[in-house]
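Participant: Need a 3D model of the following:
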Amino acid sequence: MSAPGAAPAERTVCVYCASSRIAHPDYRDAARRVGEVLADAGITIVYGGGAVGSMGALADGALARGGRVVGILPRFMAELEWGHKGLSDLQLVEDLRTRKHMMLALSQAAIALPGGSGTLEELLEAITLKRLGLYLNPILLVNTRGFFQPLLETLARSVEERFMDPRHLLMWQVVETPEAIPAALASAPPWSAAARDFAAV
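Facilitator: All right, here's what the predicted structure looks like:
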């Protein structure tokens, strides 16, 4: 049994985050802190491989603490020189679909930081796969500046309107600060393929 607040057994997580250079600096500060927290816990990061915005801050924070960071970057983004040059490992893939699949396949948890349509698509795909019993690992939302509150309200509304089962609200956990991530990963409710029994409502 892990002690309260201890690092979880899983040693690799994928992190969904944004490349915006002009979003509020609090988002980049939080992303850098996520990188630091995960590196300090000995957890490898798998992410989209970018060098700027929250993506770059996440990687820089982890690397500065001696952490391992794996980037999964589509070739067209590499050709545009969007990739981070200092990663532990940068893997080039053919397209965004392959990138998303590899990020989940290589990790034992998914963490979403605030971001735009790409970040939200990745998060909602992970939630959908978990609903179908195809992805069984923890999903965390780091709610910097209350960013995810509207999405959480929409998901709760989906339950209220009977598009989802109340048990689906256990598929993710929300933390307000990066420092809360290790304990949240350690205490995430178990999930199994039996979720298929109530995937459809």
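Participant: so is the spatially closest residue to Tyr135 that is not a sequence neighbour in a helix, a strand, or just coil?
Facilitator: Nearest non-adjacent residue to Tyr135, counting by CB to CB, 6 or more residues apart in numbering: Leu129, 3.8 Å away. The way it works is simple: take the backbone N, C-alpha and C, and place the C-beta from them, glycine included. Of the three states, Leu129 takes helix according to DSSP: H, G, I helix; E, B strand; the rest coil.
Participant: And for Leu129, the neighbour number?
Facilitator: Using other CB atoms under 10 Å, Leu129 has 17 neighbouring residues.
Participant: Would you indicate which residues of the least confident helix or strand in the chain by mean pLDDT are buried?
Facilitator: Using mean pLDDT, DSSP states H and E, the weakest-scoring helix or strand in the chain turns out to be helix 75-79, at a mean of 85. Neighbour-count burial for helix 75-79, counted by 16 or more other CB atoms under 10 Å, picks out Met77.
Participant: what's downstream of that helix, the next helix or strand?
Facilitator: Heading C-terminal from helix 75-79, the first helix or strand you meet, by DSSP states H and E, is strand 89-93.
Participant: counting contacts, what elements does the following helix or strand past that next one pack onto?
Facilitator: Once strand 89-93 ends, the next helix or strand along the chain (criterion: DSSP H and E) is helix 96-105. Applying 3 or more CB pairs under 8 Å, 6 or more residues apart in numbering; DSSP states H and E, we find helix 96-105 packed against strand 12-16, strand 44-47, strand 69-74, strand 89-93, helix 117-131.
Participant: ok so Arg28 is a strand residue?
Facilitator: No - counting by three-state DSSP, Arg28 is not part of a strand but helix.
Participant: Correct me if wrong: it contacts Met55.
Facilitator: No - using CB atoms under 8 Å, Arg28 is not in contact with Met55, being 9.5 Å away.
Participant: I'd assumed Met103 was in contact with the residue nearest to Tyr135.
Facilitator: No - look at Leu129 against Met103 with CB under 8 Å: they stay out of range, at 12.0 Å.
Participant: which residues of the protein score low on pLDDT?
Facilitator: Residue ranges of the chain with pLDDT under 70: 1-10.
Participant: Okay, the most centrally placed residue in it and Asp197: tell me how far apart.
Facilitator: Nearest residue to the geometric centre of the chain (CA atoms, centre = their mean): Ile111, 2.3 Å. Using CB to CB, to the nearest Å, Ile111 is found at 27 Å from Asp197.
Participant: Appreciated, that's everything.
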